[in-house]
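>>> Pasting the sequence and the predicted model now:
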Amino acid sequence: MIRNLCTCLCLIGALSAPGLALSSDAIISEQASFRIERLTSGLEHPWSLAFLPDGRFLVSERPGRLRMIAADGRLLAEPIQGLPTLREHGQGGLLDVVLHPKFATNRWVYLSYSEPGRDGFGTTVARGRLDGMQLHDTQVLFRLLPKSSDGRHFGGRLVFDRQGHLFITLGDRGKRQRAQDLGDYAGSLIRLNADGSIPADNPFLNHPKAQPEIYSYGHRNIQGASLHPTSGRLWTHEHGPQGGDEINLPEAGVNYGWPVITHGVNYGTGTRIGEGTAKPGMAEPLYHWIPSIAPSGMAFYSGDQFPAWNGDLFIGSLKFRLLVRLELNGQRVVNEERLLANVLGRIRDVRQGPDGLLYLLTDAKRGELVRLVPAD
């Protein structure tokens, strides 16, 4: 696998110059030329983006607000009302927002968030019907238990597959061994039906010591998930510790190894974690990064605005403040290109819009919604 780890690769000429007019200056990459259009600013640590059928946007802000943005990029002053009880706590807060596949008729909006409770906080998923600027009929579908006081590793990405199942990504909540305990939700990938019920073919449904909602386990902190546009398979990425960020193709019932196997090491000391990078009965990653890029947000490109990017995988990097583009040959990464290094800041979410453009959210006190448009 080709790992191009130079953070400034393919940033050409005046890209890094001060005063760059991002809306007009073309950025030349390996496969395409594009410009950046800033649509919305003043978002407080935005986490996720959803496209409404009428051209408007929903954006979640980690402190606990769900915002509406008009099709022209204008941020409506008042947030959506009727959200479930949540609280910002460390890396937690209001996280993902996704629409039901049949949102146009049923109006269901799904949210993941950190929910407070007697024993601390846990990742929770709820849905509500959007009517104007209000969520109605809000109902909790899933709670990570047990809760804990730690402020790390909430996971939180939500994805519907083509069969209508809802995948929920979870982190280990900062306690490594929880990811190897099938009786504990932490460090797992959850699969539910859209109403919160458990699919009849979930791998641990009849396991006496496992939580039946678990689809796969041994994950550290999954914060990127996307369906392949051709196969429909779910791809995920997760944070490693110091090194060892991973891309995986989760399969039912499979153990992905954390913290028994990993390409990462302990922070500061650099000492080994677990038993090495491989062990029988545990899946190794499809791809990994050393050093860590701190991945967040992920989308396959399948539009017609950038034909050369078709089938490529785009991932935001929080640590290096850039956008990663991966070229694939089947399930093999054959090239990595790094774009927009230190141009936008920490890229939290990556989405392909209905118009075939790429949309990005930046994680900052005054975060932005931007999109990449062809230079020509």
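That came in fine, so what should we check first?

>>> And stretch 287-298, how far out from the chain middle?
12 Å (Cα atoms, centre = their mean, to the nearest Å).

>>> same question, stretch 227-236
Worked out by Cα atoms, centre = their mean, stretch 227-236 lies 14 Å from the chain centre.

>>> Make residue 1 into 3 and carry on from there
Shifting the count to begin at 3 puts that one at stretch 229-238.

>>> what residues does that stretch touch?
Contact partners of stretch 229-238, identified using Cβ atoms under 8 Å, 6 or more residues apart in numbering, comprise 159, 161, 163-164, 169, 171, 191, 221, 224, 226-228, 249-252, 300, 302, 304, 313, 315. Using the backbone N, CA and C atoms, a C-beta is placed for each residue, glycine as well.

>>> show me the contacts for Thr140.
Counted by Cβ under 8 Å, 6+ apart, Thr140 has contacts Gly84, Leu85, Pro86, Ala128, Arg129, Gly130.

>>> In helices, which of those appear?
Using DSSP state H, no member of the contacts of Thr140 falls within helices.

>>> Is it possible to get a markdown table of those that adds distance to Arg235, pLDDT and neighbour count?
Output for those, formatted as a markdown table (distance: Cβ to Cβ, whole Å; pLDDT from 0 to 100; neighbours: other Cβ atoms under 10 Å):
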| residue | distance to Arg235 | pLDDT | neighbour count |
| --- | --- | --- | --- |
| Gly84 | 34 | 98 | 15 |
| Leu85 | 32 | 98 | 20 |
| Pro86 | 31 | 97 | 17 |
| Ala128 | 27 | 98 | 22 |
| Arg129 | 24 | 98 | 26 |
| Gly130 | 29 | 98 | 21 |
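
>>> among the contacts of stretch 229-238, which ones are buried?
Restricting the contacts of stretch 229-238 to buried positions leaves 159, 161, 169, 171, 191, 221, 224, 226-228, 249-252, 300, 302, 315, with burial counted as 16 or more other Cβ atoms under 10 Å.

>>> Show the contacting residues for Asp186.
Pro148, Arg180, Gln213.

>>> nope, Lys177 is what I was after
Residues near Lys177 by Cβ under 8 Å, 6+ apart: Ser150, Asp152, Ala188.

>>> Please apply the same query to Asp314.
Residues in contact with Asp314 (Cβ under 8 Å, 6+ apart) are Gln33, Phe302, Tyr303, Arg327, Leu328, Glu329, Leu330.

>>> do the same with Ala28
The contact partners of Ala28, by Cβ under 8 Å, 6+ apart, come to Ser35, Phe36, Arg37, Ala377.

>>> Ile292: which of these is nearest?
Closest approach to Ile292 among these (Cβ to Cβ): Phe36, at 28.7 Å.

>>> mind checking pLDDT for the closest residue to the closest one other than its chain neighbours?
Residue nearest to Phe36 in three dimensions, not counting chain neighbours: Leu374, with 4.6 Å by Cβ to Cβ, 6 or more residues apart in numbering. pLDDT for Leu374: 98.

>>> I figured Leu374 hits Arg37, correct?
Yes: applying Cβ atoms under 8 Å, one finds Leu374 in contact with Arg37, separated by 7.4 Å.

>>> of the two, who's got more company?
Applying other Cβ atoms under 10 Å to Leu374 and Arg37 shows that Leu374 carries more neighbours, namely 23 against 17.

>>> now the strands for the stretch 253-378 of the chain?
289-291, 297-302, 315-319, 324-331, 334-341, 349-354, 360-364, 369-376 (DSSP state E, counting those that start in this stretch).

>>> What angle do strand 297-302 and the third one make with each other?
Right, the one you point to is strand 315-319. Here strand 315-319 runs at 160 degrees with respect to strand 297-302, directions being taken by axes from the mean of the first three to the mean of the last three Cα atoms, to 10 degrees.

>>> which two in the contacts of Asp314 are spaced the farthest apart?
The largest separation in these, counting by Cβ to Cβ, is between Gln33 and Phe302 at 14.7 Å.

>>> buried ones in stretch 88-96?
Leu88, Glu90, His91, Gln93, Gly94, Gly95, Leu96.

>>> What count of nearby residues applies to Ala366?
Ala366 has 16 neighbours, counted by other Cβ under 10 Å.

>>> Run a quick neighbour tally on the residue lying closest to it once chain neighbours are set aside.
Excluding the flanking residues, the one nearest Ala366 by Cβ to Cβ, 6+ apart is Gly347, at 5.5 Å. Number of residues near Gly347 (other Cβ under 10 Å) recorded here: 17.

>>> Check Thr232 too.
By other Cβ under 10 Å, the residues close to Thr232 number 9.

>>> That one should be in a helix, yeah?
No: Thr232: not assigned to a helix; according to DSSP: H, G, I helix; E, B strand; the rest coil it is coil.

>>> distance of it from Asn312?
As defined by Cβ to Cβ, to the nearest Å, Thr232 lies at a distance of 10 Å from Asn312.
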